[in-house]
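K.L.:
Here's my sequence, what's the structure:
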Amino acid sequence: MKFIVLDRDGVINKDSDQFIKSPEEWEPIPGSLEAIARLNQSGWRVVIASNQSGVGRGLFGMDMLNAINGRMVEALAQVGGRLDGIFFCPHAADSTCDCRKPKPGLLKQIESRFNVDLGGVPIVGDSLRDMQAGAAVGCEPYLVLTGKGEKTRDDPALPPGTHIYPDLAAVVDALLD
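P.N.:
Predicted coordinates for the structure are as follows:
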């Protein structure tokens, strides 16, 4: 079974410094949904691991987060794609939880739920915390330059061997090549 972990904001959809707070604000990055569909068609299981501190900050509730994710799932289905799971940390940045990336708690939840070892599994993100969380469980880090990726690419704390691609579609091209 081929497995991949994706961040949401800045990887699948356009990110916002003001947070994605409603389904209407959720807008896919061109080519991202089709890239996920191509992974599905090639036998990959696709799972999201996303910090959603807007919930913890009181900017939106769980019902709205579910509506936003529902829009994403619907848009993905329209191009023949699907997600095998959506894992998220709802806590604010100052939380001491273990699920907020860069801590590996979300990824450990994925390992437990799917009974998989994420060692060597690609993790695709646009921020240092995505790469660090993945490195903590042995994932293969892929940084995309969409979202916060351009700012992140020059960070000296990037895990060694981080692959850098323009966007999710380019990562999927490389993985399926």
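K.L.:
So which residues make contact with stretch 155-171?
P.N.:
6, 11-12, 29, 31-32, 34-36, 122, 124, 128, 131-132, 134-135, 140-146, 149, 152-153, 174 (C-beta atoms under 8 Å, 6 or more residues apart in numbering). For the C-beta atoms, the positions are set from N, CA and C on the backbone; glycine is no exception.
K.L.:
Would you mind giving me the ChimeraX syntax to select the buried ones in these?
P.N.:
To isolate the buried ones among these in ChimeraX, judged by 16 or more other C-beta atoms under 10 Å, type:
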select :6,11,12,29,31,32,34,35,36,122,124,128,131,132,134,135,140,141,142,143,144,145,146,149,152
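K.L.:
Would you mind pulling up the elements that the lowest-mean-pLDDT helix or strand in the chain packs against?
P.N.:
Least confident helix or strand, the chain: helix 53-56 with a mean of 95, by mean pLDDT, DSSP states H and E. On a contact count with 3 or more C-beta pairs under 8 Å, 6 or more residues apart in numbering; DSSP states H and E, helix 53-56 meets helix 62-78.
K.L.:
could you point out which element follows the helix it packs on?
P.N.:
Sequence-wise, the next helix or strand beyond helix 62-78 is strand 85-89, with elements assigned using DSSP states H and E.
K.L.:
between that following strand and helix 62-78, how big is the angle?
P.N.:
150 degrees (axes from the mean of the first three to the mean of the last three C-alpha atoms, to 10 degrees).
K.L.:
Report the buried residues of strand 85-89.
P.N.:
Neighbour count says strand 85-89 has Ile86, Phe87, Phe88, Cys89 buried, by 16+ other C-beta under 10 Å.
K.L.:
Now do it: which elements does it pack against?
P.N.:
Using 3+ C-beta pairs under 8 Å, 6+ apart: strand 85-89 touches strand 44-51, helix 105-114.
K.L.:
Determine which stretch of these is the most buried.
P.N.:
strand 44-51 (a mean of 23; mean count of other C-beta atoms under 10 Å).
K.L.:
Can I get that strand as CSV, trimmed to CA atoms?
P.N.:
Written as CSV, here are the backbone C-alpha positions of strand 44-51 (Å, rounded to 0.1, in the frame of the first residue of the first chain):
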residue,chain,number,x,y,z
TRP,A,44,-2.1,5.6,-3.2
ARG,A,45,-3.9,6.3,0.1
VAL,A,46,-4.1,10.0,0.7
VAL,A,47,-4.4,11.5,4.2
ILE,A,48,-4.4,15.1,5.4
ALA,A,49,-2.7,16.3,8.6
SER,A,50,-3.5,19.9,9.2
ASN,A,51,-3.1,22.5,12.0
